[in-house]
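K.L.:
sequence unknown, structure follows:
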């Protein structure tokens, strides 16, 4: 790729996904990124490839556009002649960018979808309908609204227990907190279902809840898929990952902790069909699960940005930064790239993988990749390491390990 390209990546976020993108921009184009947001997370601190900027109002409706406008003026003076590319790395900023895309596009290049399409794609009830229309499989799904709750209507049970429950609006759900709050719930009887619904609505959440058929199987049956869709609607890249294990701390349940990159042409074809039917553009991250009862893959949700563990794609050789530059800056397209290389991405210490990953062939392969040296960690980029950064990363990984010993089920 072209080094020293005259670009300025502006990443709306500073976590693991932002750092992975920044590393890609640095390695392929020699570009240092800005990571902006209300706070600077550990992954973007003490870095020479990221320039963090704290903007307290960035993640608010009233502050988003003014903050980006002011920063664009600053860049015009500090980075004259360079093209600024803005990428959302979190749910809130992805939603804000989509709803203010035209205003932001006056100062930055962006591949974001528009607000109406994002609202459809991220609504878990609507996503189920989209999957049906595109003829790809998804779990049996029912919704329950705040109005249903106030009216005392019974909570739907779309299949036999256990059932899965999630907030339909993940951005709105971020603003509520209560004891036992989880990103997703697996419920084993009617009483548990009713209690969780009361807890969520009692905490102030007022959007819909989604209740879904539970697909059996442990973490190794999950799949995560990254894609980038060019501005003309053609799919540039798809990369499939097989999670080895998830996080167990209540606030991070549902986040992946270790992933082996892989490939599956059937899944890729269905994903392309789904994205094309949506007229989607930009980054997309899907969660899927393989149903061991029949071997099919069920699409669970779409995230309109790189996910927290999306760097599994970059470390397997398909740098996420590459595709947006080819699309928006170089204006080049090529046949769709489908990832198949197998590489282990780790977000936890190696001993945590060995102790807490579910036993089975996926863990066996992860340990083999670990032993052979075919593995990577997002934030542990050797050219960007210094004493302070190394110490902070070490402390972070210790805290991650403590959470496993506290919350993970015993093997």
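P.N.:
Looks like it came in fine. Treat the numbers as computed from the prediction; the structure is a model and nothing was measured.

K.L.:
what are the phi and psi values for residue 10?
P.N.:
Torsion angles at residue 10 (phi, psi; degrees, to the nearest 10) stand at phi -120, psi 110.

K.L.:
Double-check it against residue 86; I have them as touching.
P.N.:
Yes. Counting by CB atoms under 8 Å, residue 86 is a contact partner of residue 10 at 4.6 Å. Bear in mind the C-beta positions are built from the backbone N, C-alpha and C, glycine included.

K.L.:
anything in contact with each of these two?
P.N.:
Counting by CB atoms under 8 Å, 6 or more residues apart in numbering, the contacts common to residue 10 and residue 86 are 68, 108.

K.L.:
what's the following helix or strand after the helix or strand hosting residue 355?
P.N.:
Per DSSP states H and E, residue 355 falls inside helix 350-356. For helix 350-356, the following helix or strand on the C-terminal side (DSSP H and E) is helix 361-372.

K.L.:
buried set for that following helix?
P.N.:
Neighbour counts over helix 361-372 (16 or more other CB atoms under 10 Å) mark 362, 363, 365, 366, 367, 369, 370 as buried.

K.L.:
next one: stretch 302-319
P.N.:
302-316, 318-319.

K.L.:
does residue 250 really touch residue 408, like I thought?
P.N.:
No. Residue 250 is beyond contact range of residue 408, at 11.8 Å (criterion: CB under 8 Å).

K.L.:
Neighbour count for the two, which is higher?
P.N.:
Using other CB atoms under 10 Å, the more surrounded residue of residue 250 and residue 408 is residue 408, with 18 against 13.

K.L.:
need the next SSE after the strand or helix carrying residue 171, C-terminal direction.
P.N.:
Using DSSP H and E, the element containing residue 171 is helix 170-173. Counting by DSSP H and E, the next helix or strand C-terminal to helix 170-173 is strand 185-187.

K.L.:
List the buried residues for that following strand?
P.N.:
185, 187.

K.L.:
Listing partners with orientation, what would you give for it?
P.N.:
If you go by DSSP bridges, strand 185-187 pairs up with strand 163-167 (antiparallel).

K.L.:
Now do the buried residues in the partner strand.
P.N.:
Neighbour-count burial for strand 163-167, counted by 16+ other CB under 10 Å, picks out 163, 164, 165, 166, 167.

K.L.:
Name the member of the residues you listed with the shortest distance to residue 40.
P.N.:
Of all these, residue 40 sits closest to residue 167, with 27.0 Å by CB to CB.

K.L.:
just the helices in the stretch 1-150 of the chain please.
P.N.:
16-29, 64-78, 91-99, 101-104, 115-122, 124-134, 146-150 (DSSP state H, counting those that start in this stretch).

K.L.:
To residue 258, which of the ones you listed lies closest?
P.N.:
Nearest to residue 258 among the helices of the stretch 1-150 of the chain is helix 16-29; the distance by CB to CB comes to 12.9 Å.

K.L.:
tell me which strands and helices that closest one is in contact with?
P.N.:
If you count contacts as 3 or more CB pairs under 8 Å, 6 or more residues apart in numbering; DSSP states H and E, helix 16-29 packs onto strand 7-12, strand 33-37, strand 50-54, helix 311-315, helix 320-328.

K.L.:
Kindly compare burial across the ones you listed and name the winner.
P.N.:
Most buried of the helices and strands packed on helix 16-29, by mean neighbour count (mean count of other CB atoms under 10 Å): helix 311-315, with a mean of 28.

K.L.:
contacting residues around that helix?
P.N.:
Contacts of helix 311-315 (CB under 8 Å, 6+ apart): 16-17, 19-21, 23-24, 224, 226, 237, 239, 241, 259-261, 319-321, 339, 343, 345, 376, 378.

K.L.:
Now which of those would you call buried?
P.N.:
Buried, going by 16+ other CB under 10 Å: 16-17, 19-21, 23-24, 224, 226, 237, 239, 241, 259-261, 319-321, 339, 343, 345, 376, 378, out of the contacts of helix 311-315.

K.L.:
JSON lines please, covering the helices and strands packed on helix 16-29 and showing mean pLDDT and distance to residue 255.
P.N.:
Listed next are the helices and strands packed on helix 16-29 as JSON lines, based on pLDDT from 0 to 100; distance: least, CB to CB, whole Å:
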{"stretch": "strand 7-12", "mean pLDDT": "98", "distance to residue 255": "19"}
{"stretch": "strand 33-37", "mean pLDDT": "97", "distance to residue 255": "18"}
{"stretch": "strand 50-54", "mean pLDDT": "97", "distance to residue 255": "21"}
{"stretch": "helix 311-315", "mean pLDDT": "95", "distance to residue 255": "13"}
{"stretch": "helix 320-328", "mean pLDDT": "96", "distance to residue 255": "18"}
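
K.L.:
Reformat the ones you listed as a markdown table; add distance to residue 81.
P.N.:
Shown next, in a markdown table, are these (distance: least, CB to CB, whole Å):
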| stretch | distance to residue 81 |
| --- | --- |
| strand 7-12 | 10 |
| strand 33-37 | 16 |
| strand 50-54 | 18 |
| helix 311-315 | 28 |
| helix 320-328 | 17 |
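
K.L.:
Those: which one's closest to residue 131?
P.N.:
Shortest distance between residue 131 and the helices and strands packed on helix 16-29, using CB to CB, is found for helix 311-315: 22.3 Å.

K.L.:
Endpoint to endpoint, stretch 171-188 covers what distance?
P.N.:
Using CA to CA, to the nearest Å, the end-to-end distance of stretch 171-188 comes to 26 Å.

K.L.:
Which positions in that stretch come out as buried?
P.N.:
171, 172, 173, 176, 181, 182, 183, 184, 185, 187.
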